[in-house]
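Student: Give me a model of this one.
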Amino acid sequence: MELLECKHLYKEFDNKKILKDINLNIPRGKIIGLLGKNGAGKTTLIKLINDLLTPTSGEILINGKNPGVLSKEIISYLPERTYLDKEMTIKQSIKYFEEFYTNFDSQKAIKLLKDLNLDISTQISKMSKGMQEKLQLILVMSRNAELYILDEPLGGVDPATRDYILDTILSNFSDGGSVIISTHLISDIERILDEVIFMNNGEIVLTSSADDLRNSEKSSIDEIFRRDFKC
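Tutor: Take a look at the predicted model:
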């Protein structure tokens with residue numbers, strides 16, 4: 001059984017097709033890039049998988065079941081925008097995750113935060129944007145989930161923070177789990193990808209092993225995308 005399946009998935013807003021006939025299988029044990037320009041439909045697809053939107057038609061299966069209460073235990077989701085209460089301290093945010101998610105490993109989160117020399121009594125509002133991004137990623141990756149979905153985790157942070165985020169993703173997802181990373185910053189992320197999915201205008205236009213694609217095209221994934229989907 002595939003970890004995630006999308007079958008003939010469509011989503012419309014005001015009679016405009018945002019997603020068109022999405023068919024997708026996500027296996028276990030992979031880091032997968034969901035790649036496309038802004039407005040390609042990546043975030044809409046992610047919200048459907050996370051049961052935050054309802055498909056116009058088609059079906060989503062997570063471990064063979066439709067999205068719902070059970071799938072929220074399976075999926076650990078990092079949205080594009082920070083949702084943490086900035087009046088909280090880091091310690092309070094850890095407690096919040098611990099109470100909300102039964103699969104949250106608070107000791108793992110504390111260890112990762114210590115690696116950053118962060119005092120857990122610090123108020124989130126007093127942290128830089130980059131440190132807030134790191135905190136939210138650590139909280140998401142400290143869940144023992146089966147599927148981690150990260151929507152634009154590199155947006156708006158400096159190159160050093162990007163490297164930290166990628167290394168944290170690479171070393172902290174659960175055995176047998178998979179990671180979907182949605183981004184348009186392909187050159188920054190392609191070094192950790194096992195597979196790629198290209199989206200354009202609400203459609204999946206290519207799926208491939210990252211290595212197979214690079215070998216067949218004799219180019220980086222970023223170069224391939226820029227060539228095939230230039231404005």
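
Student: Can you point out the helix or strand that includes the residue nearest the centre of the chain?
Tutor: Using C-alpha atoms, centre = their mean, the residue of the chain that lies closest to the mean C-alpha position is Leu150, 1.6 Å off. Counting by DSSP states H and E, the element that carries Leu150 is strand 147-151.

Student: Name the surrounding residues that touch that strand.
Tutor: With contact meaning C-beta atoms under 8 Å, 6 or more residues apart in numbering, strand 147-151 is reached by 3-4, 26, 42-43, 46, 49-50, 62, 74-80, 137, 140-141, 169, 173, 177-182. Where you see a C-beta, it was placed from the backbone N, CA and C, and this is true even at glycine.

Student: can we see that at 6 Å?
Tutor: With contacts defined as C-beta atoms under 6 Å, 6 or more residues apart in numbering, strand 147-151 is touched by 3, 43, 46, 74-80, 173, 178-182.

Student: How about stretch 81-90?
Tutor: With contacts defined as C-beta under 6 Å, 6+ apart, stretch 81-90 is touched by Ser93, Ile120, Ser121, Thr122, Gln123, Ile124, Ser125, Gln132, Gln136.

Student: so Thr44, which of the three states?
Tutor: helix (DSSP: H, G, I helix; E, B strand; the rest coil).

Student: Excluding residues flanking it in the chain, which one is nearest it?
Tutor: Nearest residue to Thr44, sequence neighbours excluded (C-beta to C-beta, 6 or more residues apart in numbering): Ile18, at 5.1 Å.

Student: Next up, the contacts around the one you found.
Tutor: The neighbourhood of Ile18, defined by C-beta under 6 Å, 6+ apart, consists of Lys11, Gly41, Thr44, Gly202.

Student: Could you tell me how many residues sit around the closest residue to the last one other than its chain neighbours?
Tutor: In space, and not counting its chain neighbours, Gly202 is closest to Gly41: 4.1 Å by C-beta to C-beta, 6+ apart. In terms of burial, Gly41 registers 23 neighbours under the definition other C-beta atoms under 10 Å.

Student: I'd like to know how far the nearest residue to Arg191 once chain neighbours are set aside sits from Ser220.
Tutor: Of all residues not flanking Arg191 in the chain, Leu166 sits nearest, at 7.3 Å (C-beta to C-beta, 6+ apart). Distance, Leu166 to Ser220, by C-beta to C-beta, to the nearest Å: 16 Å.

Student: next one: Leu116
Tutor: 30 Å.

Student: by contact count, what packs against the worst-scoring helix or strand of the chain on mean pLDDT?
Tutor: Ranked by mean pLDDT, DSSP states H and E, the weakest helix or strand in the chain is helix 159-172, scoring a mean of 83. Applying 3 or more C-beta pairs under 6 Å, 6 or more residues apart in numbering; DSSP states H and E, one finds that helix 159-172 contacts helix 129-141.
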